[in-house]
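K.L.:
Sharing a sequence plus its predicted fold:
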Amino acid sequence: MADCPKFRSNSFSSNSSLPSGEVDHVELLSSQLAVLLQSSEFTDVTFIVEDKSFPAHRAFLASRCEYFRALLYGGMRESWSQREIVLNDISARSFDSILKYIYTGRVHLRDLGHEHVLDLLGLAHKYGFLALESAISGYLKGNLDLHSIWGIFDVACLYQLDEVLETCLTFADMHAVEILRCLSEFSSLSEAAVVSMVKRDSFCAPEIDIFRAIQCWIVENPDTDKKVTSYLRLSLISLHDLFHIVKPSGLFTADDILDAIQVQTESQQTQLKFRGHLDLDENVALPHLGAEVIEGEFPEALLDLDTTSFDMDKGFTLHYLEEGRSITIRLGRPTIINTIKLLLWDRDMRSYSYCIEVSMDNVDWLRIIDYSKYLCHSWQTLYFKARVVRYVRLIGTHNTVNRIFHVVHFECMFSSQTFEIGEDNIIIPRENVASTQASATVIEGVSRSRNVLLNTDIKNYDWDSGYTCHQLGSGAIVIQLAQPYIIDSFRLLLWDCDDRTYSYYIEVSNDRQNWEIVSDCTKEECRSWQTAKFSPRIVTFIRITGTRNSVNEVFHCVHFECPASVIKKEKAKNGKSNK
């Protein structure tokens, strides 16, 4: 092949210096294979597509694609010598593009029309070119608009392209109202595509508009079994529209409509299956998005995003701890949320108890968080089953210092991060929550630097610093987590710069009055890293009480975490010293 003038390339130049030892002539190979395809020399099979002929090389196609290997060399031996093969249900233009891709590894999608790109995606899927399928999928995801979504959506459903499908659905959520206005395009969707779209809580548009679009779709697709109507939420349609638009359509029985009216008039709003807007991982409690505090003293402070400039007199929103009082936030629109974050005033060691309720109409409320029997401090991260929400109400129930509930900052969102939750929507953490980053704090114990026990530094300690301690027989080390968690293990590092050993026990509590022992090492000689495992339980406070030190009368702890992480085998510190 190298001696054939047709395959010589003027752009090729030799390079006598190759420090890497690698020769890369992929560009040259691609261009020469393109010439080979165009020249039709040495071809031994011809494909007939829409009465057009495409000469090709049997062995080359079989080496590049399992589909062609089976087509050209599988089955009866007579097929091995078949010179012409007719391919149906394929456009000549798309087959020409896929053939060029097979030979050169290249295709210029921007030079192709939208329908041509979709056809090419179908061929890439059919022939098993996964890299090409992925590349076209990425191209389509980046070129979605109100005109292109219909074809892309249907193709994504047909070939089960999950990433493209999810991108289309997210786009549809953002433009639900506009999409429903395109009735002719909507009616061209497959049933699977329609169901995928309208069943989502996040496909947020007036339900009567969704009904009209589905009604039009059924008219244009009379052979369907009308199962798509089961995804309509009749209880969200007004009584007037139920009687004057839905009932005359004949798509629902009288009993269906009466049931919807009953749910609408007798059920609490919290029980209705609302639709809401979905803004992934974005705080929606922002004034520029229409959110505002409609109840609470000093409302302007809560949503201003300032989490540092607050003191005894300013920078927080409050309500007095009296029945009927609360801090209430109205979001700019019905929104799907599953996470709330708030900062309780934390300039001293006070703790708060509180509840959180949500509503769609500011009348019927659903309690999603009840921390009225727990003591909470500083930053709170709360996770719950996703709900459509318009109003959020914070109800303080206790303050360890006075009769006022103070909140510095509030945000809510639909988080893509998932949390495992147990009873009372209390988080079961996967990572250490006994850290300063998680707003845990040491409320009893002696150290040169506050919260050194929780700063995750397990290397920088010696005889003089880097640990927390207490006198044996007097006091203990007490840690307060920012909020209740369901915990099943602890891990701690005892001071180990010499060979001394300790004995101790660990208790947990939620009110600092009633304590339960979860680890008893009072009869053991313990050194360096320790891990305690126990049955899961709700924990807010941890108390570590030393009972023995083989050298002196002080109990020293360098590091504490819960839940326990994987134990590292190497020592955190080498060397010896007297303490």
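P.N.:
That came in fine, so what should we check first? Only a predicted model underlies this, so the values are computations on that prediction, with no experimental measurement involved. Numbering: from 1, shown residues only.

K.L.:
C-alpha coordinates for stretch 106-120, CSV please?
P.N.:
The C-alpha coordinates for stretch 106-120 follow below in CSV (Å, rounded to 0.1, in the frame of the first residue of the first chain):
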residue,chain,number,x,y,z
ARG,A,106,-14.5,10.6,12.1
VAL,A,107,-17.9,12.3,11.6
HIS,A,108,-18.7,16.0,11.5
LEU,A,109,-22.0,16.2,13.3
ARG,A,110,-22.4,20.0,12.9
ASP,A,111,-22.4,19.5,9.1
LEU,A,112,-25.4,17.2,9.4
GLY,A,113,-29.1,18.1,9.8
HIS,A,114,-30.9,17.3,13.0
GLU,A,115,-32.8,14.4,11.6
HIS,A,116,-29.6,13.0,10.0
VAL,A,117,-27.9,13.1,13.4
LEU,A,118,-30.8,11.2,15.0
ASP,A,119,-30.6,8.6,12.2
LEU,A,120,-26.9,8.2,12.7
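
K.L.:
Go through it and flag the buried ones.
P.N.:
For stretch 106-120, a neighbour-count test (16 or more other C-beta atoms under 10 Å) marks Val107, Leu109, Leu112, Val117, Leu118, Asp119, Leu120 as buried. C-beta coordinates here come from the backbone N, C-alpha and C atoms, glycine included.

K.L.:
residues in contact with it?
P.N.:
For stretch 106-120, the surrounding residues in contact (C-beta atoms under 8 Å, 6 or more residues apart in numbering) are 30, 90-91, 93-94, 97-98, 100-101, 132, 135-136, 139-140, 148, 151-152, 155.

K.L.:
Greatest separation within the buried residues of stretch 106-120: which pair is it?
P.N.:
Taking C-beta to C-beta as the measure, these span a maximum distance of 13.5 Å, between Val107 and Leu118.

K.L.:
So in terms of bridging, what pairs with Leu494?
P.N.:
Cys557 (DSSP bridges).

K.L.:
Would you check that it makes contact with Glu524?
P.N.:
No: counting by C-beta atoms under 8 Å, Leu494 stays clear of Glu524, with 11.5 Å between them.

K.L.:
These two: who's more crowded?
P.N.:
Applying other C-beta atoms under 10 Å to Leu494 and Glu524 shows that Leu494 carries more neighbours, namely 21 against 13.

K.L.:
May I have the residues that are in contact with the more buried one?
P.N.:
Taking C-beta under 8 Å, 6+ apart, one finds Tyr502, Cys526, Arg527, Ser528, Trp529, Gln530, His556, Cys557, Val558 in contact with Leu494.

K.L.:
Which of those are buried, as a PyMOL select command?
P.N.:
Restricted to buried positions by 16+ other C-beta under 10 Å, the PyMOL selection for the contacts of Leu494 reads:
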select buried, resi 502+526+528+529+530+556+557+558
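
K.L.:
ok, now which ones touch Ala70?
P.N.:
Contacts of Ala70 (C-beta under 8 Å, 6+ apart): none.

K.L.:
Confirm it sits in a helix?
P.N.:
Yes: assigned with DSSP: H, G, I helix; E, B strand; the rest coil, Ala70 falls within a helix.

K.L.:
Per-residue pLDDT of it, please?
P.N.:
With respect to pLDDT, Ala70 has a value of 82.

K.L.:
Give the helix, strand or coil label for the most centrally placed residue in the chain.
P.N.:
Compute the mean C-alpha point of the chain, and by C-alpha atoms, centre = their mean the closest residue is Ser416, 1.7 Å away. Under three-state DSSP, Ser416 falls in the coil class.

K.L.:
May I ask which two of the contacts of Leu494 are separated the most?
P.N.:
Trp529 and His556 (13.9 Å).

K.L.:
what's the neighbour count on Gln271?
P.N.:
Gln271: 11 neighbours (other C-beta under 10 Å).

K.L.:
From Ile257, how far off is it?
P.N.:
19 Å (C-beta to C-beta, to the nearest Å).

K.L.:
Kindly report the same for Lys341.
P.N.:
42 Å.

K.L.:
Quickly list the domain ranges of the chain.
P.N.:
The record's domain split for the chain, according to automatic domain parsing, is 24-143, 287-428, 436-561.

K.L.:
what's the offset of the first one from the middle of its chain?
P.N.:
Taking the mean of its C-alpha atoms, domain 24-143 sits 38 Å from the chain's own mean (C-alpha atoms, centre = their mean, to the nearest Å).

K.L.:
and what of the longest one?
P.N.:
For domain 287-428, the distance from its own C-alpha centre to the chain's C-alpha centre is 22 Å (C-alpha atoms, centre = their mean).

K.L.:
And the last one, by the same measure?
P.N.:
Its chain's C-alpha centre lies 34 Å from the corresponding centre of domain 436-561 when counted by C-alpha atoms, centre = their mean.

K.L.:
What's the end-to-end length of it?
P.N.:
Taking C-alpha to C-alpha, to the nearest Å, domain 436-561 runs 11 Å from one end to the other.

K.L.:
The second one now?
P.N.:
With C-alpha to C-alpha as the measure, the first residue of domain 287-428 is 32 Å from its last.
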